[in-house]
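# Take this sequence and fold it.
(2 chains)
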Amino acid sequence: MRHVFNFLQSTVGRKYLMALTGLVLVFFVLGHMLGNLQIFLGAEAINAYAYKLHKLLPASALWFIRLFLLICIAIHVWTAVTLTLDNRKARPQGYQKKQAIQATYSSRTMRMSGIILLSFIFFHIAHFTVRSVPGMKYNEPGVISKKVDASNDFIPTEVPLVKKGEAVFKNGQKIMTFNVHDMMIAGFKSKLVSLFYIVATGLLCLHLTHGVSSMFQSLGIRNSFWRVRLDRVALVYGWTIFLGFAVIPIATLVGILRADPSGGLIANAQVHQQEDITHKLFTQEVTLK
Amino acid sequence: MNFTLRVWRQKDSVSRGELVEYKIQDVSEDSSFLEMLDILSENLVEDGKMPMAFDYDCREGICGMCSLTIDGIPHGPESGTTACQLHMRHFKDGQTITIEPWRAKPFPVVKDLIVDRSPLDKIIQSGGFITTRAGSATDANTHLIDKGTADYAMDAAACIGCGACVAACPNASAMLFTSAKVAHMNSLPQGKPEKHRRALAMVSTMDGEGFGGCTNIGECEAACPKNISLDVIAHLNRDYAIAQVKNFFKPSA
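Below is the predicted model:
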């Protein structure tokens, strides 16, 4: 145990933790981005994806993964904070005139981008996971409806799970799922929220531009031959993540992505028919319950 | 050439220092930066003032004594050059030049531009040696070392211990210095026996002396007058982790 403690106390050891947790988060954001991009395949695809994410594994496994990711973030932040404090202490008196020789903007602003990203993560979880951001009641049809019982809580409205244009039945009952598609679109309808998402993913790009290459250095598996190449990889990776995430709020704001309260069941139907069928769907949902 | 110099003057380690402005005229463009400071000192003595205190020894760029932060860059704007090998022709006539000492908590200012760099010696003392008997030379070619390894160790050994890496690092980290020593010795057969002990001891001393941590931004490499590469830091990180893991699984005595 003493060895582990020694390792964690050293500056090098804490950088290992930062790099390893960073690696987990780097893969997580890529998976998250690829999942999100399914919104362009229609409500059917992304709702089915969300259903799989939540229902394929038991709830305990889902919580285990969530907890694991949160712990990774916590360790990443803890190492960043303690190392930063140690680094500040190492130079109590600064230079009157100091200039960076070659350090990139992204490498010098990791703390700034990191702090803003952390606040973004809190907002993002409150916004789309817990769905408790004040003023964001997702008043679009089919996302959140007010519960009529005593608790007076907002509960998600469910839509049928759709596969190849048909609702999926199990044991003679229609499988219902949360309309993630409309939740995202309702969330991004707010220009301010969308702007925050775009800025935050831009900062994520900045953070990754240094981080993706830097973690190889911290883990001791980088040399000057690979440094140049890894820096390029990091740049491409950062921009890919940025564009992959930012395209969704942008597409929502310019009207390419539209709400689909049927969850993709009648994506090709006429609008007036759609409203009619949607109405039927929801009445059906009530009778099913 | 004429210059306006803003130089850090500090009477002793306990006094408060400040930047003092001096004008200097008719400096030859072929004079080195330290020779320019010599001229300044002579002028100050003529005016009955204290001459400049700054570290130097060989003035050939190999001893690692000079330690001037020139316009915010350790050893000045020329890359791969110590301040003593920097010539005034690299500056513009009439330019204002700011000269400050190395800034780091482990490097307290002794006087003017002189800092105490003994923490670097303590890092060396804790692991920068080999335990092989070195009294008499062994026969040539008893240890075959391939060219790549020899070059790598030689490049790391080029470190003159000036501390410019610490001065350039925004975290005042001594990682480039420490890892240059570790990479130099750990990559050669003579240094292999205490490879892991060395990595652990030198990092521990480095942290204990109050240097900051590495954020992989590469300012040290850019400021290093011997162009020591960041590769050595990755080498130290690697050896350090392996040493920690081996230590963890080693049965305690």
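# ranges for the helices of the stretch 151-289 of chain A?
A:180-188, A:191-218, A:224-253, A:271-288 (DSSP state H, counting those that start in this stretch).
# State whether residue B:192 and residue B:198 are indeed in contact, as I suppose.
No - contact between residue B:192 and residue B:198 fails when scored by CB atoms under 8 Å: they sit 9.9 Å apart. C-beta coordinates here come from the backbone N, C-alpha and C atoms, glycine included.
# Of the two, which one has the most company?
Neighbours of residue B:192 and residue B:198, each counted by other CB atoms under 10 Å in any protein chain shown, are more numerous for residue B:198; the result is 25 against 14.
# Who are the contact partners of that one?
B:127-128, B:182, B:185-186, B:191 (CB atoms under 8 Å, 6 or more residues apart in numbering or on different chains).
# ok, now residue B:195?
B:185-186, B:239, B:243.
# buried subset of those residues?
B:185-186, B:239, B:243 (16 or more other CB atoms under 10 Å in any protein chain shown).
# Also within reach of chain A: list those from those residues.
Near chain A, judged by CB under 8 Å from any CB of the partner chain, the entries from these are residue B:239.
# from the contacts of residue B:195, which two are the most distant?
Across the contacts of residue B:195, the longest distance by CB to CB is 13.5 Å; it joins B:185 and B:243.
# Make a markdown table from the helices of the stretch 151-289 of chain A and add mean pLDDT, mean neighbour count and distance to residue A:33 to it.
Shown next, in a markdown table, are the helices of the stretch 151-289 of chain A (pLDDT from 0 to 100; neighbours: other CB atoms under 10 Å in any protein chain shown; distance: least, CB to CB, whole Å):
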| stretch | mean pLDDT | mean neighbour count | distance to residue A:33 |
| --- | --- | --- | --- |
| helix A:180-188 | 88 | 24 | 13 |
| helix A:191-218 | 96 | 21 | 9 |
| helix A:224-253 | 96 | 17 | 4 |
| helix A:271-288 | 51 | 13 | 30 |
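# Any idea which of those gets closest to chain B?
helix A:191-218 (4.2 Å; CB to the nearest CB).
# who does the closest one touch, helix- and strand-wise?
helix A:11-37, helix A:105-108, helix A:110-124, helix A:180-188, helix A:224-253, helix B:231-249 (3 or more CB pairs under 8 Å, 6 or more residues apart in numbering or on different chains; DSSP states H and E).
# can you list the buried ones among the contacts of residue B:195 in JSON lines and add distance to residue A:254 and pLDDT?
Formatted as JSON lines, those follow (distance: CB to CB, whole Å; pLDDT from 0 to 100):
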{"residue": "B:185", "distance to residue A:254": "61", "pLDDT": "96"}
{"residue": "B:186", "distance to residue A:254": "57", "pLDDT": "97"}
{"residue": "B:239", "distance to residue A:254": "53", "pLDDT": "97"}
{"residue": "B:243", "distance to residue A:254": "56", "pLDDT": "95"}
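# Considering the buried ones among the contacts of residue B:195, which is situated nearest to chain A?
Taking the buried ones among the contacts of residue B:195 together and measuring to chain A by CB to the nearest CB, the closest member is residue B:239, at 7.5 Å.
# residues in contact with residue 110?
You didn't pick a chain, so chain A it is. A:80, A:207, A:210-211, B:215.
# nope, chain B please
So residue B:110 contacts B:12-13, B:53, B:116 (CB under 8 Å, 6+ apart).
# Can you tell me the SS state at it?
At residue B:110 the chain is in strand, as set by DSSP: H, G, I helix; E, B strand; the rest coil.
# Relative to residue B:14, how far out is it?
Noted for residue B:110: a distance of 11 Å to residue B:14, by CB to CB, to the nearest Å.
# Run a quick neighbour tally on residue 83.
The chain I'm using is chain A. 22.
# not what I meant, chain B
That count, for residue B:83 with other CB under 10 Å as the rule, works out to 29.
# isn't residue B:233 right up against residue A:217?
Yes - Residue B:233 lies in contact with residue A:217 (CB under 8 Å); the separation is 6.7 Å.
# Which neighbours do these two have in common?
residue B:216.
# how about the helices and strands packed on helix A:191-218, which one is nearest residue B:49?
Taking the helices and strands packed on helix A:191-218 one by one with CB to CB, helix A:105-108 is closest: 39.0 Å.
# Do a quick rundown of the strands in the stretch 51-200 of chain B.
For the stretch 51-200 of chain B, strands defined by DSSP state E, counting those that start in this stretch occupy the ranges B:69-70, B:73-74, B:96-100, B:109-111, B:114-115.
# any idea how far residue B:199 is from the residue of chain B found nearest chain A?
Nearest to chain A in chain B, going by CB to the nearest CB, is residue B:238, at a distance of 2.9 Å. The gap separating residue B:238 from residue B:199 is 9 Å, by CB to CB.
# So between those two, which is more surrounded?
residue B:199 (28 against 17).
# Quick check: the more buried one touching residue B:239?
Yes - using CB under 8 Å, residue B:199 makes contact with residue B:239 at a distance of 4.3 Å.
# pLDDT below threshold where in chain B?
Residues of chain B meeting the criterion pLDDT under 70: B:253.
# Show me how it divides into domains.
With domains defined by automatic domain parsing, chain B comprises B:3-111, B:117-249.
# Contacts for stretch A:95-108 next, please.
Contacts of stretch A:95-108 (CB under 8 Å, 6+ apart): A:113, A:206-207, A:209-210, A:214, B:6, B:19, B:69, B:71-73, B:79, B:98, B:100, B:103, B:168, B:170, B:215-219, B:222-223.
# before we move on, what about stretch B:143-155?
Under CB under 8 Å, 6+ apart, the answer for stretch B:143-155 is B:183-185, B:187-190, B:228-229.
# which non-adjacent residue is nearest the residue of chain B closest to chain A?
Here the nearest residue to residue B:238 in space, its sequence neighbours aside, is residue A:220; by CB to CB, 6 or more residues apart in numbering or on different chains that works out to 2.9 Å.
# show me what contacts the one you found?
B:234-241.
# Which one of the residues in chain A is closest to chain B?
residue A:220 (2.9 Å).
# picking that back up, which of the contacts of residue A:110 lies at the shortest distance from residue A:121?
Once CB to CB is applied, the member of the contacts of residue A:110 that ends up nearest residue A:121 is residue A:207, at 11.8 Å.
# ok, now which ones touch the closest one?
A:106, A:110, A:113-114, A:117, A:238.
# try 7 Å this time
By CB atoms under 7 Å, 6 or more residues apart in numbering or on different chains, residue A:207 lies in contact with A:110, A:113-114, A:117.
# Tell me which two in the residues you listed are the farthest apart.
Longest span within the contacts of residue A:207, CB to CB: A:110 and A:117, 10.0 Å.
# Contact residues of the stretch 151-253 of chain B facing chain A?
Within reach of chain A by CB under 7 Å from any CB of the partner chain, the stretch 151-253 of chain B has these residues: B:168, B:171-172, B:203-204, B:207, B:210-219, B:222-223, B:229-231, B:233-235, B:237-238, B:240-241, B:244, B:247-248.
# Of those residues, just the buried ones, ChimeraX syntax please.
Entered in ChimeraX, the line below selects the buried ones among these, by 16+ other CB under 10 Å:
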select /B:168,171,172,203,204,207,210,211,212,213,214,215,216,217,218,219,222,223,229,230,231,233,234,235,237,238,240,241,244,247
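# can you tell me which residues contact residue A:194?
A:188, A:249, A:252-253.
# Name the nearest residue to it, sequence neighbours excluded.
Nearest one to residue A:194, counting by CB to CB, 6+ apart, is residue A:249 at 3.7 Å.
# wait, isn't the one you found in contact with residue A:186?
No - taking contacts as CB atoms under 7 Å, residue A:249 lies outside contact range of residue A:186: 11.9 Å.
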